[in-house]
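A.B. asks: Structural data only, the sequence is not supplied:
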């Protein structure tokens, strides 16, 4: 068990995602943690205290001034007891309270008295999450040392689609495990990560792209930052927010991505080329929309510049990690790419593997290095897979193959 004897205060606020807290408590207990739950009045409208008391094996705390028992300094004792305070789900309201120094209920009072790290997992409608006030409050708290877990993209309870979903409980669990076992083994390293798709326009309104969600690349960036690296994330169009502490550069086309990589490559120690860059681009782009007619049309394409291969030909001591999405002869094709592009390591995604590929929160990969070694990783969350990818890439650093 990875959280034996760890004391966690779980704060739950009024959000439909409060039901996930029950699963999270169960996972934390299975890992050996002791959990005490704090609920706001609004949270009690979504899930009953009895459920959480049963799962946590501790009374649920809600009232700042309970009618029974002596609780004059209850908020202080809870704050001092905790090794970690986690708020999941966290509404814009509780984030705003903490950022403004407001302590008017038990949860916000405990956070104000916190002696341990505070981890916040926002969950709300996309329009609420992207509201400039909410974003400014989060930035303020990040600067004060609070840790945020990025929400995921998907369908909301209000039937809209976008960023704002609470991460799955198993992903939150991994963040907590990583927090307690945190190692700064990338401190001093400069890391460049690419993520998402590229967009290659045919005309003013149509383009060629792919369904990459960017989740794997963003997970790598988040994990590298958490392990102490200075991280720049160059991303194609995706519906994800930049991980805390990561510099985000947004691009659209493969040429734009290549140009931005070149700006930073000389100062990079490790490049994780996770982005799904289009292999072909239209020979010509129409300035205006191509009008529909009864005639067939033929579109001519030319190969996209091979970003990794071009960088490899001009690299100094940077470590290059490529990614290969395959649908047939997966291992052979990935190995050929590794050699052709002169990479240090390649991560093979077999699109036919269940739970792997685009637009999902899990992945199953095979890691191959230039010495001929390979490792099949089991199906896991993309956060877990990102950590393993980083672990393998750091072996080259430890061998002294990158010197900055």
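C.D. replies: Noted; the coordinates are in hand. It should be emphasised that the depicted structure is a prediction, and the values quoted were computed from it without experimental measurement.

A.B. asks: Can you identify each of the helices in this structure by residue range?
C.D. replies: Per DSSP state H, the chain carries helices over the ranges 20-30, 49-56, 74-81, 92-100, 106-112, 126-129, 132-143, 169-180, 215-226, 254-265, 307-313, 330-340, 382-398.

A.B. asks: so can I have JSON lines of these showing mean pLDDT, distance to residue 203 and mean neighbour count?
C.D. replies: Backbone N, C-alpha and C define where each C-beta goes, glycine included. Formatted as JSON lines, these follow (pLDDT from 0 to 100; distance: least, CB to CB, whole Å; neighbours: other CB atoms under 10 Å):
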{"stretch": "helix 20-30", "mean pLDDT": "96", "distance to residue 203": "43", "mean neighbour count": "21"}
{"stretch": "helix 49-56", "mean pLDDT": "96", "distance to residue 203": "55", "mean neighbour count": "17"}
{"stretch": "helix 74-81", "mean pLDDT": "87", "distance to residue 203": "59", "mean neighbour count": "17"}
{"stretch": "helix 92-100", "mean pLDDT": "97", "distance to residue 203": "40", "mean neighbour count": "20"}
{"stretch": "helix 106-112", "mean pLDDT": "96", "distance to residue 203": "52", "mean neighbour count": "23"}
{"stretch": "helix 126-129", "mean pLDDT": "92", "distance to residue 203": "29", "mean neighbour count": "16"}
{"stretch": "helix 132-143", "mean pLDDT": "95", "distance to residue 203": "34", "mean neighbour count": "14"}
{"stretch": "helix 169-180", "mean pLDDT": "86", "distance to residue 203": "40", "mean neighbour count": "20"}
{"stretch": "helix 215-226", "mean pLDDT": "91", "distance to residue 203": "28", "mean neighbour count": "27"}
{"stretch": "helix 254-265", "mean pLDDT": "97", "distance to residue 203": "17", "mean neighbour count": "18"}
{"stretch": "helix 307-313", "mean pLDDT": "94", "distance to residue 203": "25", "mean neighbour count": "18"}
{"stretch": "helix 330-340", "mean pLDDT": "95", "distance to residue 203": "31", "mean neighbour count": "16"}
{"stretch": "helix 382-398", "mean pLDDT": "90", "distance to residue 203": "34", "mean neighbour count": "20"}
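
A.B. asks: between the ones you listed, which one is nearest to residue 202?
C.D. replies: Judged by CB to CB, the one of these that comes nearest to residue 202 is helix 254-265, at 14.3 Å.

A.B. asks: quick one: that closest one to chain centroid distance?
C.D. replies: Between the centre of helix 254-265 and the centre of its chain there are 22 Å (CA atoms, centre = their mean, to the nearest Å).

A.B. asks: for it, packing partners?
C.D. replies: Applying 3 or more CB pairs under 8 Å, 6 or more residues apart in numbering; DSSP states H and E, one finds that helix 254-265 contacts strand 190-195, strand 230-235, helix 307-313.

A.B. asks: Show me what the residue nearest to residue 146 when sequence neighbours are not counted is bridged to.
C.D. replies: Nearest residue to residue 146, sequence neighbours excluded (CB to CB, 6 or more residues apart in numbering): residue 118, at 5.2 Å. When bridges are called by DSSP bridges, residue 118 pairs up with residue 85.

A.B. asks: residue contacts, residue 118?
C.D. replies: The neighbourhood of residue 118, defined by CB atoms under 8 Å, 6 or more residues apart in numbering, consists of 84, 85, 86, 87, 98, 111, 146, 147.

A.B. asks: Could you find the closest non-adjacent residue to the spatially most central residue of the chain?
C.D. replies: Nearest to the centroid of the C-alpha atoms of the chain, with distances taken as CA atoms, centre = their mean, sits residue 219, at 3.8 Å. Leaving aside its chain neighbours, residue 219 sits nearest to residue 386 (4.0 Å; criterion: CB to CB, 6+ apart).

A.B. asks: what about that neighbour, distance to residue 220?
C.D. replies: Here the criterion is CB to CB, to the nearest Å. By it, residue 386 lies 5 Å from residue 220.

A.B. asks: swap in residue 326?
C.D. replies: Relative to residue 220, residue 326 is positioned 19 Å away (CB to CB).

A.B. asks: Then residue 51?
C.D. replies: Where residue 220 is concerned, residue 51 sits at a distance of 36 Å (CB to CB).

A.B. asks: ok, back up a step: could you verify my assumption that the residue nearest to the centre of the chain touches residue 380?
C.D. replies: No. The pair residue 219 and residue 380 fails to qualify as a contact (CB atoms under 8 Å) at a distance of 10.8 Å.

A.B. asks: Leaving out chain neighbours, which residue sits closest to residue 152?
C.D. replies: The shortest distance from residue 152 to any residue other than its chain neighbours is 4.6 Å, reached at residue 165 (CB to CB, 6+ apart).

A.B. asks: correction: residue 157
C.D. replies: Spatially, and ignoring its direct neighbours in sequence, residue 157 is nearest to residue 16 (4.5 Å; CB to CB, 6+ apart).

A.B. asks: Run a quick neighbour tally on that neighbour.
C.D. replies: 15 (other CB atoms under 10 Å).

A.B. asks: Let the chain start at 7 from now.
C.D. replies: Got it, the first residue is 7 from now on, which makes the last one we talked about residue 22.

A.B. asks: What about residue 189, how many residues nearby?
C.D. replies: Close neighbours of residue 189, defined as other CB under 10 Å, add up to 10.

A.B. asks: Just list the residues touching it, thanks.
C.D. replies: The neighbours of residue 189, taking CB under 8 Å, 6+ apart as the test, are residue 233.

A.B. asks: do residue 106 as well
C.D. replies: With contacts taken as CB under 8 Å, 6+ apart, residue 106 has the following neighbours: residue 143.

A.B. asks: swap the cut-off to 7 Å and go again
C.D. replies: Listed by CB atoms under 7 Å, 6 or more residues apart in numbering, the contact set of residue 106 is empty.

A.B. asks: now swap in residue 121 and tell me
C.D. replies: Listed by CB under 7 Å, 6+ apart, the contact partners of residue 121 are 85, 86.

A.B. asks: ok, now residue 109?
C.D. replies: By CB under 7 Å, 6+ apart, the contact list for residue 109 reads 115, 118.

A.B. asks: Try it again at 10 Å.
C.D. replies: Contact partners of residue 109, counting by CB atoms under 10 Å, 6 or more residues apart in numbering, are 70, 81, 103, 115, 116, 117, 118, 119.
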